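K.L.:
Can you look at this prediction? I've put the sequence above it.
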Amino acid sequence: MSSCSLHDCTLEVFENKDKCILHCEKDDWYDIHDNVKIWNNKKVNDFWQFIQDDLSTIKDISLEDSYVLSERQIYSFVIFPKFQKEYLYNHYEDNRMDLATNFYSFEYHVNDLNTVFNELNIMFYQCTFLEVADFKKYAFKKKLNFMLCKFYDELKLPNHITEPLTIDKCFFARNLFLKGINFSKKTVILSPRGESSLIIDNCNFEDDFLLRLEKLNLLAISNTSFKNNVWILGNNSQFDALDFHNSSFYNLLTLKNIKIQNPVTFTDIRLFNKTRFSNIDFPVQNRETARIIKDSFEQENNIIDANKFYALEMRQYDKEITWKDNFKEKLIFKLHDYSSQHSQNWLLALFWILILSMGCGFIQNYFLDVKIEFMKPLIANIFGYCFISISIPLLIDNILENQKLKKYTLSFVFLIIGFYILSTKDLLLELPAKAINPFSFMYSDSHINGLELIFKVIIAYLIYQLIISIRQNTRRK
């Protein structure tokens, strides 16, 4: 008979295929009834018998040469059919023969199971798992690697994994669930493929955990403990959602180069060491999430990004307090927000200063007949039109980018200055300068009334917000 057409495979072809029983396509090994695969049990059993015979050979060799157990057992390009049904061990009936399924076989000459599979350094390379890949009963005592594999159903891992685990660039047609597992050694998941989600629940990671992402629908971590370093890295990757809930991070937590479309949620997260967030871009779901990320940037002395998430924290806090229950607090909060976005937007503070001071200057010029030495009208008009001309492309850009009103601040600043100069010819901004100076009345013989005092207090407050906002936005990492 001819050999398998797969390169480097010397096994005989299976039936009328051009490949062996391991590598051949298995589309004709099952029928579909009501969207359920009904497998040909004989072919499935023949497949697993071949796997078991190979492992029996390895065990026989290991009795004479234990070095064979240190070599890597590679299953490459294997297409796995349905896994055989698993049975629980019954101590009273001693049903060890029932446990001889899949990668375990029964050795009649010693009346015991052949579990040499547990002793091997296992790698699955470019394998395909057509049904549930059930590895729960195995006690892997050496490294376990899945590389470039395809899982068309669930991957089930043991409750205790005592050696390093790597899942590298594997395709998951369904979500990858890691639930109720204790990982004793380093765990690495690299670039999972497919429109799937990674859900980690009720797990315990004793060693480092590295997750490198390219695209993912959802990363959800809940009720999980990480005792060592955690790296969640992207390549400017964008995915839909990130949700951390009721989990503990005892060492370094790093999130880097990640963009997330939907609001991120961190709830009941306990951080016992440093966190490091770098080049991340995502909205936040609640105030706690923004606070955690802000604290992370502050630990790194990255004040600029910390200020960004401080503003998000305040925005979420705004949603929590109501006018009905916290009127005074809400009022102060809103004043702080609209004056400078909680000391984050110096242009907004400058905008209000110009509005009030130039409005005051306009009223003084037109209604109170305050006289000043004006520049020549022609020069004033030229400068006025220049400021307006600068504001127009900025306004157009804001409109095309569909920016929120607060993003129009810079264009409004130029527009206000331009219209004021055109209407008053006060090119040197003498009247606004007097209005902006909160202490100008102290150097004048004129009296000050209550309205002027309130105006000066407001101007002083806005100048303070301007200074604080500039300071916040010019501090460096």
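P.N.:
Now that the structure is in, tell me what you want to look at. Residues are numbered from 1 along each chain as shown.

K.L.:
what ranges do the helices span in this protein?
P.N.:
41-64, 287-299, 303-320, 327-340, 346-366, 377-400, 409-424, 430-436, 450-474 (DSSP state H).

K.L.:
can I get these in CSV with mean neighbour count, distance to C203 and mean pLDDT?
P.N.:
Just so you know, the C-beta spots here come from the backbone N, C-alpha and C atoms, and that holds for glycine as well. As requested, the helices of the chain are arranged in CSV below (neighbours: other CB atoms under 10 Å; distance: least, CB to CB, whole Å; pLDDT from 0 to 100):
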stretch, mean neighbour count, distance to C203, mean pLDDT
helix 41-64, 15, 29, 89
helix 287-299, 20, 20, 78
helix 303-320, 18, 28, 76
helix 327-340, 14, 40, 81
helix 346-366, 19, 45, 83
helix 377-400, 14, 47, 76
helix 409-424, 20, 47, 81
helix 430-436, 19, 60, 81
helix 450-474, 16, 40, 81
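
K.L.:
care to break the chain down by domain?
P.N.:
The record assigns the chain these domain ranges, following automatic domain parsing: 159-319, 335-474.

K.L.:
Quick one: closest of the ones you listed to N121.
P.N.:
Distance to N121, taken as CB to CB, is lowest for domain 159-319 among those, at 8.7 Å.

K.L.:
would you turn the domains of the chain into JSON lines with distance to F146?
P.N.:
Shown next, in JSON lines, are those (distance: least, CB to CB, whole Å):
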{"stretch": "domain 159-319", "distance to F146": "5"}
{"stretch": "domain 335-474", "distance to F146": "44"}
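
K.L.:
picking that back up, between the helices of the chain, which one is nearest to I74?
P.N.:
Checking those against I74 by CB to CB gives helix 41-64 as the closest, at 11.7 Å.

K.L.:
Using CSV, write out every CA atom in the closest one.
P.N.:
As requested, C-alpha coordinates have been extracted for helix 41-64 and formatted as CSV (Å, rounded to 0.1, in the frame of the first residue of the first chain):
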residue,chain,number,x,y,z
ASN,A,41,-17.8,4.6,16.1
LYS,A,42,-15.6,2.0,14.4
LYS,A,43,-13.5,4.6,12.6
VAL,A,44,-13.3,6.7,15.8
ASN,A,45,-12.2,3.7,17.8
ASP,A,46,-9.6,2.7,15.1
PHE,A,47,-8.2,6.2,15.3
TRP,A,48,-7.8,6.1,19.1
GLN,A,49,-6.4,2.6,19.0
PHE,A,50,-3.7,3.8,16.7
ILE,A,51,-2.8,6.6,19.1
GLN,A,52,-2.8,4.2,22.0
ASP,A,53,-0.6,1.7,20.2
ASP,A,54,1.9,4.4,19.6
LEU,A,55,2.0,5.4,23.3
SER,A,56,2.3,1.7,24.3
THR,A,57,5.4,1.5,22.1
ILE,A,58,6.8,4.6,23.8
LYS,A,59,6.2,3.0,27.2
ASP,A,60,7.9,-0.2,26.2
ILE,A,61,11.0,1.6,25.0
SER,A,62,11.1,3.7,28.2
LEU,A,63,11.4,0.6,30.3
GLU,A,64,14.8,0.1,28.7
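
K.L.:
Who are the packing partners of that helix?
P.N.:
Counting contacts by 3 or more CB pairs under 8 Å, 6 or more residues apart in numbering; DSSP states H and E, the secondary-structure elements packed against helix 41-64 are strand 105-107, strand 112-114.

K.L.:
Just send the ones you listed back as TSV, with mean pLDDT too.
P.N.:
Below are the helices and strands packed on helix 41-64 laid out as TSV (pLDDT from 0 to 100):
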stretch	mean pLDDT
strand 105-107	81
strand 112-114	77
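
K.L.:
Can you tell me which of the ones you listed is most buried?
P.N.:
Comparing these by mean neighbour count (mean count of other CB atoms under 10 Å), strand 105-107 comes out on top with a mean of 17.

K.L.:
Redo the helices and strands packed on helix 41-64 as TSV? Include distance to S5.
P.N.:
Below are the helices and strands packed on helix 41-64 laid out as TSV (distance: least, CB to CB, whole Å):
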stretch	distance to S5
strand 105-107	28
strand 112-114	30
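
K.L.:
quick revisit: okay, the helices of the chain in JSON lines with distance to K256 next?
P.N.:
Formatted as JSON lines, those follow (distance: least, CB to CB, whole Å):
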{"stretch": "helix 41-64", "distance to K256": "41"}
{"stretch": "helix 287-299", "distance to K256": "11"}
{"stretch": "helix 303-320", "distance to K256": "13"}
{"stretch": "helix 327-340", "distance to K256": "31"}
{"stretch": "helix 346-366", "distance to K256": "29"}
{"stretch": "helix 377-400", "distance to K256": "31"}
{"stretch": "helix 409-424", "distance to K256": "31"}
{"stretch": "helix 430-436", "distance to K256": "44"}
{"stretch": "helix 450-474", "distance to K256": "23"}
